[in-house]
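Q: Quick one: sequence plus predicted model below, questions after.
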Amino acid sequence: MLRAMSQPVPEPEISAVVPAYNEVESLPILLGELCPALEATGRTWELVLVDDGSTDGTTDVVRAAAAREPRIRPVLLAANGGQSAALAAGFARMRGRVVVTLDADLQNDPADLPRLLAALEGADVVSGIRADRQDSAVRRLSSRVANGFRRAVLGDPVTDIGCSFKAYRREVLDGLPMFVGVHRFLPALCVFRGARLAEVPLAHRPRRLGRSKYGVGNRLWRGLHDLVGVRWLKSRLVDYRLRD
């Protein structure tokens, strides 16, 4: 890894939060890409690596990585809680002023990190758009339907909510309610509270290792069902600003 254990760990400017569930093959490759990408930003950083109750050896990979690199902070969940629970656990432990999220399945390319950070200079939330998406036709169609229906129901401007590679100013996440399925709506919820949104096209790579945790049944239909609750929540969000 990149830093000897005897050296002090500075307060991070960037927190990368990565949920991982049964990614024993993909995770070492991701760490080999993501840690150098974070280092290349020239900013202090931490990687909050959340093992979401894995059963395939992912936990051992997380522990070993944290033992080698003190800027990797392991969060080990006792049972599989899903992506929203893993992100909530990571957010509760992050310390950086800038928060970056991405998946552990290698479909997000850490080399795109500078594009997200550059866009965040003029925004509060940056959401990626998967360019030349490397998924099946069925998955692309279900995503297009879900995105279109979500925008129509909620009136939010997010193009591709399913792209997990995102960047936030930490303050826009503070106080957001965490619930099952919230990972699909985080940028929209931030926008509803007045956050400035930017979007950038990002690389999308085919899944080479492991198995996808989502299909039409647990992504499209569950996401559409969640809209009912999020639409109600949008109408109840509290937003206030202090005078200068």
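A: Right, received. Where do you want to start?

Q: Pairing partners for the most centrally placed residue in the chain in the sheet, please.
A: Against the mean C-alpha coordinate of the chain, by C-alpha atoms, centre = their mean, the closest residue is Thr101 at 2.8 Å. On the basis of DSSP bridges, Thr101 is bridged to Val17, Lys166.

Q: That one is in contact with Ala86, isn't it?
A: No. Contact between Thr101 and Ala86 fails when scored by C-beta atoms under 8 Å: they sit 10.1 Å apart. C-beta here means a position set from N, CA and C on the backbone, and glycine is covered the same way.

Q: give me the low-pLDDT residue ranges for the protein?
A: Counting by pLDDT under 70, the chain has low-confidence residues at 1-9, 133-153, 207, 210-225, 228-229, 231-233, 237-241, 244.

Q: can you rerun that using 80?
A: Where the chain drops to pLDDT under 80, the residues are 1-10, 132-155, 206-244.

Q: what ranges do the helices span in it?
A: In the chain, the helices defined using DSSP state H lie at 26-40, 58-68, 83-93, 113-120, 137-154, 170-173, 186-192, 221-236.

Q: nearest to Leu106, of those helices?
A: helix 26-40 (5.0 Å; C-beta to C-beta).

Q: Next, the buried residues of that closest one.
A: By 16 or more other C-beta atoms under 10 Å, the buried positions in helix 26-40 come out as Ser26, Leu27, Leu30, Leu31, Leu34, Cys35, Ala37, Leu38.

Q: Now for the residue lying closest to Gly82 once chain neighbours are set aside, how many residues are close by?
A: Using C-beta to C-beta, 6 or more residues apart in numbering and skipping residues adjacent in sequence, the residue nearest Gly82 is Val180, 6.4 Å away. Applying other C-beta atoms under 10 Å, we find 14 residues neighbouring Val180.

Q: residue contacts, Val180?
A: Going by C-beta atoms under 8 Å, 6 or more residues apart in numbering, Val180 touches Gly82, Ser84, Ala85, Asp226.

Q: Could you look over the helices of the chain and pick the most buried one?
A: helix 186-192 (a mean of 22; mean count of other C-beta atoms under 10 Å).

Q: what helices or strands is it leaning on?
A: strand 125-130, strand 166-169, helix 170-173, strand 197-202, helix 221-236 (3 or more C-beta pairs under 8 Å, 6 or more residues apart in numbering; DSSP states H and E).

Q: Parallel or antiparallel, which strands does the fourth one pair with?
A: Right, the one you point to is strand 197-202. strand 125-130 (parallel).

Q: Buried residues in the partner strand, which are they?
A: Buried, per 16+ other C-beta under 10 Å, within strand 125-130: Val125, Val126, Ser127, Gly128, Ile129, Arg130.

Q: Just the CA coordinates for it, please, in PDB.
A: C-alpha atoms of strand 125-130 as PDB (Å, rounded to 0.1, in the frame of the first residue of the first chain):
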ATOM      1  CA  VAL A 125     -23.400  17.300  -5.500                       C
ATOM      2  CA  VAL A 126     -21.900  15.700  -8.600                       C
ATOM      3  CA  SER A 127     -23.600  12.700 -10.100                       C
ATOM      4  CA  GLY A 128     -22.000  10.500 -12.800                       C
ATOM      5  CA  ILE A 129     -23.700   9.500 -16.000                       C
ATOM      6  CA  ARG A 130     -22.600   6.100 -17.300                       C
END
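
Q: Pull the residues that contact that strand.
A: 108, 112, 116, 119-120, 158-169, 172, 187, 190-191, 195-202, 204.

Q: If we use 7 Å, what do you get?
A: 116, 119-120, 158-160, 163, 165-168, 172, 187, 190-191, 195, 197-202, 204 (C-beta atoms under 7 Å, 6 or more residues apart in numbering).

Q: Tell me the gap between it and the middle of its chain.
A: Centre-to-centre, strand 125-130 and its host chain are 10 Å apart (C-alpha atoms, centre = their mean, to the nearest Å).

Q: Alright, I will stop here.
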